[in-house]
Each structure stands twice: as C-alpha cells, then as structure tokens.
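Asks: Sequence below, structure please.
(one chain, ligands or ions: 1)
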Amino acid sequence: MDRFSKYVKEMFEWNEEMRDFLESEKVGEESELWGKLNGFTEMMEGLGHPLSDLDLLNLQTKADTIQQEMEEYFKRKQVIGDIWMMGTSLPAGGHTLPDLPYPYQALEPYISEEIMKIHHDVHHRAYVDGLNKAELSIKKAREENDFSLINYWTRELAFHGSGHYLHTIFWKNMIPQGTVGPHGSLITEINSYFSSFELFQKHFSEVANRIQGNGWALLVWSPRSRHLEILQAENHHFFTQWDTIPILVLDVWEHAYYLQYKNNRKQYIENWWKLINWNDVELRFEKASELKWQEF
Ligand code: MN
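Replies: Got it, this is the predicted structure:
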C-alpha cells in the first residue's frame, strides 16, 4: 500500500474513532462538532479514485481543523478532565519525522524534487534523531546526577530541537501552487502593523535575504507586545529552541549579581530559588500550555 492510501485508510479509522468518541462522551447531536464530523464523513465517502493531491491536502487540512476544534470544545466543557486529546505529550526521545504533507515533486518548478527529498529525508531526519538523542542523554544525566556534559547536550537540544520544530512548521507553511490569502484577522493585523501586505512582504524578503550565512526568517506573534514581528535566526539555535515559550527565567548576567556576590554565581542561584513566585510561574504555564500543536 502506498503512503497515500495508507494515509486515507488512517483517516477513515480516525473518523470512526471520533464518532465513537463523541458518542461515548454523549455529545448532543445538535452540537457543531457532529455537523463538522458529518461533513468530514461525507467528504471521505465522496472521494474519487485515484485521489488527487488536492483531495489529500483538503482531507488533511479538514482533519487538523476538526481535531483542533474538538480540543477547544472539550477544553471549554471541562467536565471530563484530562481526555486523551489533551493528554498526549511526548516522552523524552519520542519525536518522529512528520511525513511531507505533499509528494516530493509537488512544489516544482519552484522547489525541485531532489531538494525536497534530501531536505526532508536526510536533513530533517537528522534533526529528529539528534533531538531524541539530546533529550535522552539529558534524562540520563538527571537520573545519574551527572551534569558534566550538560552544556553540550543543552546546545544539542537547542540545535536539533529548533531544526525539527522549524522544519515541521516550514513544510506545512507551503502547499503546491499556494493559496489565495492571507484573510481574516491575519491580514488585518499585517495591514495595521506593517502598513500594507506589500510592505510586510518586502520587509520579510529583505530580512531573509540579508541573513548572514545559514538561517531562517520568521514571522512571529509576540504575546507581550501583541503584534507580529519579523526576526532572523542565524543558523537556528544559538541556544534557543524556537517554537517554545519561556515559563521561568533566571538572569545570570554579571550585572544581576556581581555587586553583591562577586564571582559566586552559584550562591546567587541557590538564593534565587528562595524568591520564586510560583503563582506567577503557574499562571504562565497555564496560559502557555493552552497552545498545542500536533505532536511530532
Ligand atoms: Mn532546512
């Protein structure tokens, strides 16, 4: 069975599971979720053979949307606690390489099949393997209480983690032929912050073009300033793991402790733990953990 028939078969099974799940949770028939799922079922049943790439993309996008709406729905309901959709989190070393959402040659003539094959199968896979290895090594360090190599592994964690997360976003940011857009609140936001879509696009391209050496251009949302921003990442790590949200941070610049502690940073760190406002940390965690992407 080829990859796409396998995917469709999985979609059928998933659809069945979702129906059973809504029934077992006694979600009323009037609920929007049933409407969406029925629409999805109809779409599945109406699929022609063989499937076009577009059919598959449609399927995938719809399934993603329904899955997210279900999470939202049950989060609001709050009556059944931790249902499986909310509960899945990856164990250390549990990352997998996501399939490309389209065939290798689908982005031609703009990006060649050869590039896509190497980029996805070789480079992206190496990031996934490297991230798993880093997470497991760090877990081992904790278990054995041996942190002598923690700088090395934390660096690996950032390098491979950013590589894996950014490529996972990158593949799905693209689609053969592109779509018309942006629409809705995104275009409103772009127009209001960057003045116009044309200026945003120009700015983004300039930023990408002027990156020194390897790197990424990123359009990001800043929850603090509540506007979009365009950033550069050189290589893609320098100790950050893109696609993560800070919860608890400690400033160990010398200006933060030197007047009082001189070179005794260790003492400063030890004392700092006596000052934590866990209410604040919990709040940040609660808010941040509301944001969930499909796990890979
Ligand atoms: Mn790449």
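
Asks: Show me where the stretch 1-150 of the chain dips below the pLDDT cut-off.
Replies: 1-4, 74-88 (pLDDT under 70).

Asks: So what does residue 232 have for phi and psi?
Replies: phi -110, psi 150 (degrees, to the nearest 10).

Asks: what residues does stretch 225-237 touch?
Replies: Identification of contacts with stretch 225-237 by CB atoms under 8 Å, 6 or more residues apart in numbering yields 155, 158-159, 161-163, 166, 189-190, 193-194, 200, 203-204, 207-208, 210-222, 240, 242. (Each C-beta comes from the backbone N, C-alpha and C, glycine too.)

Asks: What of stretch 153-167?
Replies: Against stretch 153-167 from outside (CB under 8 Å, 6+ apart): 95, 119-120, 123-124, 126-131, 133-135, 137-138, 141, 216, 218, 233, 235-244, 296.

Asks: what ranges do the helices span in the stretch 1-150 of the chain?
Replies: Secondary structure of the stretch 1-150 of the chain, counting by DSSP state H, counting those that start in this stretch: helices at 3-24, 32-45, 53-77, 84-87, 113-117, 125-144, 150-173.

Asks: Take the ones you listed and write them to CSV, including mean neighbour count and distance to residue 280.
Replies: Output for these, formatted as CSV (neighbours: other CB atoms under 10 Å; distance: least, CB to CB, whole Å):
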stretch, mean neighbour count, distance to residue 280
helix 3-24, 14, 36
helix 32-45, 14, 35
helix 53-77, 15, 22
helix 84-87, 12, 23
helix 113-117, 14, 44
helix 125-144, 16, 25
helix 150-173, 18, 24
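
Asks: Nearest to residue 272 among those would be which one?
Replies: helix 150-173 (18.3 Å; CB to CB).

Asks: rewinding a little: just so I know, which of the helices of the stretch 1-150 of the chain lies nearest residue 249?
Replies: Nearest to residue 249 among the helices of the stretch 1-150 of the chain is helix 150-173; the distance by CB to CB comes to 14.8 Å.

Asks: Centre of the chain to the closest one, how far?
Replies: Mean-position distance between helix 150-173 and its chain equals 11 Å (CA atoms, centre = their mean, to the nearest Å).

Asks: now swap in stretch 223-240 and tell me
Replies: Worked out by CA atoms, centre = their mean, stretch 223-240 lies 14 Å from the chain centre.

Asks: Need the distance between the two termini of it.
Replies: 18 Å (CA to CA, to the nearest Å).

Asks: still on that earlier bit, reformat the helices of the stretch 1-150 of the chain as CSV; add distance to residue 104.
Replies: Shown next, in CSV, are the helices of the stretch 1-150 of the chain (distance: least, CB to CB, whole Å):
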stretch, distance to residue 104
helix 3-24, 11
helix 32-45, 25
helix 53-77, 12
helix 84-87, 31
helix 113-117, 4
helix 125-144, 14
helix 150-173, 11
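
Asks: mind listing what residue 217 touches?
Replies: 204, 207-208, 211, 230-232.

Asks: pull the CA atoms of stretch 160-167 into PDB?
Replies: Taking Å, rounded to 0.1, in the frame of the first residue of the first chain, the C-alpha atoms of stretch 160-167 are listed here in PDB:
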ATOM      1  CA  HIS A 160      18.300  19.800  16.800                       C
ATOM      2  CA  GLY A 161      15.100  21.000  18.600                       C
ATOM      3  CA  SER A 162      14.900  24.200  16.600                       C
ATOM      4  CA  GLY A 163      15.800  22.300  13.400                       C
ATOM      5  CA  HIS A 164      13.000  19.800  14.000                       C
ATOM      6  CA  TYR A 165      10.300  22.300  15.000                       C
ATOM      7  CA  LEU A 166      11.100  24.900  12.400                       C
ATOM      8  CA  HIS A 167      11.100  22.300   9.500                       C
END
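
Asks: Next one: residue 30 from residue 38, what distance?
Replies: According to CB to CB, to the nearest Å, residue 30 stands 12 Å off from residue 38.

Asks: if we can go back for a sec, out of the helices of the stretch 1-150 of the chain, which is closest to residue 285?
Replies: Nearest to residue 285, of those and by CB to CB, is helix 84-87 at 14.5 Å.
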